[in-house]
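Colleague: build me a model:
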Amino acid sequence: MATRGLSGHILPNSTAMVGVCVTAIGLVKLLEGRIGPSHVDEYCALTAIIFAASAILSYVSIRLETVPNSNGVIERLADFCFMLGLAALTGIALLFAYEVI
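Modeller: Numbering: from 1, shown residues only. Have a look, this model is predicted:
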């Protein structure tokens, strides 16, 4: 299986990305007094949920490693959530940098 062991990498990185999202939320809340209201904190919260789903799925995949043919699909879902979260966070950063959101 090509994705074997991938969950071991997704779990710590997705939990770290939840921390990045929480930090971004806090910083945006501090800056809202100067820059005005924005929806960046809400979008970062949604992205944190995506990364949390990735972490949960990768944990479940690791726990089900001994069950044949069960962790492959879950591991791919965890990978998809992680990549979706990365793309979302990158999009949020770009839109925020160009003051679109």
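
Colleague: the protein: helices as residue ranges?
Modeller: 7-35, 40-63, 71-97 (DSSP state H).

Colleague: which one of those is the most hemmed in?
Modeller: Across those, averaging neighbours per residue (mean count of other Cβ atoms under 10 Å) puts helix 40-63 on top, at a mean of 20. Backbone N, C-alpha and C define where each C-beta goes, glycine included.

Colleague: quick one: contacts for the spatially most central residue of the chain?
Modeller: In the chain, the C-alpha nearest the mean C-alpha coordinate belongs to Phe51, at 2.4 Å (Cα atoms, centre = their mean). For Phe51, the contact set (Cβ atoms under 8 Å, 6 or more residues apart in numbering) comprises 14-15, 17-18, 21, 81-82, 85.

Colleague: ok, those residues vs Lys29, which is closest?
Modeller: The nearest member of those to Lys29, counting by Cβ to Cβ, is Cys21 at 12.7 Å.

Colleague: excluding covalently adjacent residues, which one is nearest to the closest one?
Modeller: In this structure, Cys21 finds its nearest non-sequential neighbour in Ala48, 3.7 Å apart by Cβ to Cβ, 6 or more residues apart in numbering.

Colleague: now do the contacts for the residue lying closest to Leu84 once chain neighbours are set aside.
Modeller: Sequence neighbours aside, Ile50 is the residue nearest to Leu84 in space, at 5.7 Å (criterion: Cβ to Cβ, 6+ apart). Ile50 makes contact with 81, 84-85, 88 under the criterion Cβ under 8 Å, 6+ apart.

Colleague: okay if I get those residues as CSV plus distance to Val40 and pLDDT?
Modeller: Formatted as CSV, the contacts of Ile50 follow (distance: Cβ to Cβ, whole Å; pLDDT from 0 to 100):
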residue, distance to Val40, pLDDT
Cys81, 21, 98
Leu84, 18, 98
Gly85, 15, 98
Ala88, 12, 98
